[in-house]
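Participant: Here is the input, now give the coordinates:
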Amino acid sequence: MLNISNNKLPVETLKYPFSSLKKTETSSAKLYFRVWIWIFVGFSIAFLFLPWTQNIQADGKTIPLNPADRPQTIDATISGRIEKWYVKEGDRVKKGDTILFLSEVKADYFDPDLVSRSKARVVNKEGSIQEYLAKIQSLNDIQRAIESEVLLKQQQIKNKIYQTVLKIDADSIDLNRVKLDLQIARIQLDRTISLNERGIKSVAEIEDKKFKIQELVAKLNAAENKLNISRNEKVNLQVEEKAIINDFFQKTSKINADIASARAAIMDTESYLDKLRSEASNYEIRNRFYFITAPQDCFITKILKPGLGEIVKENDSVITILPSSFPLAVALYIRPMDLPLIERDQEVRFIFDGWPAIIFSGWPGNSFGTFEGKIAAIDNDISENGLYRIIVAADERNKKWPKELRPGSGAQGIALLGDVPLWYEIWRKLNGFPPDFYGSGTDGEKAEKIKGKAPIKSLK
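Facilitator: Numbering: from 1, shown residues only. Below you'll find the model as predicted:
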């Protein structure tokens with residue numbers, strides 16, 4: 001037993017069932033225990049040096065990726081009374097399908113022919129504008145006729161003035177001739193008187209010469225009067241020409257004033273016509289708001305004003321809808337201290353409520369039943385719960401998200417970071433340190449991006 005002697009017990013003795021001998025035997029269980037302890041210690045030490053993927057875990061919920069695809073309410077554009085519902089909750093409708101019919105409640109719009117009457121007023125006002133344009137055209141025609149008439153009268157006056165000038169010249173010649181004849185007659189009278197004194201001419205001849213001088217004086221006065229009359233006629237014709245021009249200016253000024261007044265009336269009518277057109281268009285568009293239609297293909301989720309005959313006001317919500325098909329995303333809320341570790345297009349793994357999964361957060365390649373996503377947006381403003389929201393879109397290159405997911409379903413996200421030894425991760429957790437920041441190095445150069453993760457294994 002103790003190897004004190006070289007003498008060995010016979011085999012028969014060893015096999016003999018003595019209890020004292022059995023108690024002195026060495027048990028093999030202790031040896032196995034020591035072996036297993038050393039194996040466990042060695043395995044634990046090796047296990048501590050396994051790579052561990054750091055990550056950030058956060059809870060969230062599924063939402064439509066695009067804002068237009070998120071649950072929304074349909075509001076009543078106008079006040080009205082609910083007359084008829086064409087849908088019920090849970091129905092699927094297409095874009096443009098009628099959901100609700102409203103009747104009018106405002107006295108200003110009770111007239112069933114309001115739109116046609118408004119359009120008739122528009123047509124009447126358009127006719128008024130045409131009449132004003134015709135009036136302006138007539139005034140322009142009158143103005144052109146007056147201009148032509150004035151030109152003719154001016155030409156006539158100029159012809160008369162020219163004739164009067166010729167007449168004045170002729171009268172001046174006649175006057176000069178009479179003056180010359182009078183001068184000759186006086187010379188002859190003086191000569192006759194001189195010859196009479198010599199006894200050559202008789203007194204009768206002297207009297208005859210005096211009578212002739214008197215006739216010439218009368219002709220001279222007549223010629224002077226005739227010349228003055230011709231000159232006055234010229235002055236009168238010049239005055240008449242100015243009067244024609246002044247009358248033309250008066251008439252054209254009045255016509256221009258009428259044209260300006262007509263144009264002002266056209267502008268006022270056009271302004272009022274625009275108002276009538278706007279009213280007619282508003283009435284026509286308002287008629288369309290009596291029927292509330294679906295803005296897109298969607299499901300009717302909740303009716304907010306169910307009662308027939310119930311009055312709804314402008315901008316009151318009457319129904320809630322959910323688009324029928326849309327890409328989903330997940331809204332996760334992370335702590336402010338983890339925000340610097342998040343960047344766009346970073347990989348995120350998900351566990352959705354209701355879908356079984358086996359997850360090893362540090363070994364994403366060995367997880368089952370998880371789904372992949374890429375960070376699509378990061379909020380710059382903190383949320384009301386004191387966390388930052390990130391939007392994660394689906395990355396369906398390896399595995400598609402379940403079609404049965406609905407907005408509002410719970411999700412747990414795991415944003416994958418860099419790989420570190422397991423002992424370092426345990427030490428970091430025990431000390432409460434955040435995950436390592438993989439950013440720019442001290443030399444200012446861009447550090448290497450996080451290494452690619454092992455492909456996810458999914459349950460088929």
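
Participant: Now do the SS call for the residue nearest the centre of the chain.
Facilitator: Nearest to the mean C-alpha position of the chain, counting by CA atoms, centre = their mean, stands Ala68 at 18.3 Å. Put simply, Ala68 is helix when judged by DSSP: H, G, I helix; E, B strand; the rest coil.

Participant: which other helices and strands contact the helix or strand containing Glu233?
Facilitator: In this structure, Glu233 sits in helix 203-288 according to DSSP states H and E. Applying 3 or more CB pairs under 8 Å, 6 or more residues apart in numbering; DSSP states H and E, we find helix 203-288 packed against helix 114-197. All C-beta spots, glycine's among them, are computed from the backbone N, C-alpha and C.

Participant: Distance from the strand ranked longest in the chain to the middle of the chain?
Facilitator: Ranked by number of residues, the top strand in the chain under DSSP state E is strand 51-64. Relative to the chain's own centre, strand 51-64 is displaced by 40 Å; criterion: CA atoms, centre = their mean, to the nearest Å.

Participant: The helix or strand following it - contacts with which helices or strands?
Facilitator: Using DSSP H and E, the helix or strand that follows strand 51-64 towards the C-terminus is strand 72-75. In terms of contacts (3+ CB pairs under 8 Å, 6+ apart), strand 72-75 is packed against strand 317-323.

Participant: Downstream of the strand it packs on, the next helix or strand is which one?
Facilitator: strand 328-334.

Participant: before we move on, back to that, contact partners for the residue nearest to the centre of the chain?
Facilitator: Gln296, Pro323 (CB atoms under 8 Å, 6 or more residues apart in numbering).

Participant: Cys298 versus that one, what's the distance?
Facilitator: Relative to Cys298, Ala68 is positioned 11 Å away (CB to CB, to the nearest Å).

Participant: Which residues are in contact with each of the two?
Facilitator: What both Ala68 and Cys298 touch, as defined by CB under 8 Å, 6+ apart, is the set Pro323.

Participant: tell me the domain ranges of this structure?
Facilitator: For the chain, automatic domain parsing gives the domain ranges 49-65+327-460, 72-103+290-323, 114-288.

Participant: mean pLDDT for those domains: which is lowest?
Facilitator: Looking at the domains of the chain, the lowest mean pLDDT belongs to domain 49-65+327-460 (a mean of 74).

Participant: how far is it from where the chain is centred?
Facilitator: Centroid separation for domain 49-65+327-460 versus its chain: 39 Å, with CA atoms, centre = their mean.

Participant: And for stretch 199-213?
Facilitator: Distance, centroid of stretch 199-213 to centroid of chain: 116 Å (CA atoms, centre = their mean).

Participant: So which bits of that stretch are buried?
Facilitator: Neighbour-count burial for stretch 199-213, counted by 16 or more other CB atoms under 10 Å, picks out Lys201, Glu205, Lys209, Lys212, Ile213.

Participant: Quick check: the two most widely separated of those residues?
Facilitator: Lys201 and Ile213 (15.4 Å; CB to CB).

Participant: Counting neighbours, what do you get for the nearest residue to Phe248 once chain neighbours are set aside?
Facilitator: Leaving aside its chain neighbours, Phe248 sits nearest to Val150 (4.3 Å; criterion: CB to CB, 6 or more residues apart in numbering). When neighbours are counted by other CB atoms under 10 Å, Val150 registers 17.

Participant: pull the CA atoms of stretch 235-250 into CSV?
Facilitator: Extracted in CSV, the C-alpha atoms of stretch 235-250 (Å, rounded to 0.1, in the frame of the first residue of the first chain):
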residue,chain,number,x,y,z
VAL,A,235,-57.4,138.6,-89.1
ASN,A,236,-60.9,136.9,-88.8
LEU,A,237,-59.7,133.9,-90.6
GLN,A,238,-56.6,133.6,-88.4
VAL,A,239,-58.9,133.9,-85.3
GLU,A,240,-61.2,131.3,-86.7
GLU,A,241,-58.2,129.0,-87.3
LYS,A,242,-57.2,129.3,-83.6
ALA,A,243,-60.8,128.7,-82.6
ILE,A,244,-60.9,125.5,-84.6
ILE,A,245,-57.7,124.3,-82.9
ASN,A,246,-59.0,125.2,-79.5
ASP,A,247,-62.3,123.4,-80.2
PHE,A,248,-60.3,120.4,-81.4
PHE,A,249,-58.3,120.4,-78.1
GLN,A,250,-61.5,120.7,-76.1
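
Participant: sorry, back to before: out of the buried residues of stretch 199-213, who's nearest Ser253?
Facilitator: Out of the buried residues of stretch 199-213, the member with the shortest distance to Ser253 (by CB to CB) is Ile213, at 59.5 Å.

Participant: Pull the contacting residues for the nearest residue to that closest one once chain neighbours are set aside.
Facilitator: Here the nearest residue to Ile213 in space, its sequence neighbours aside, is Ala185; by CB to CB, 6+ apart that works out to 4.7 Å. By CB under 8 Å, 6+ apart, Ala185 lies in contact with Lys209, Lys212, Ile213, Leu216.
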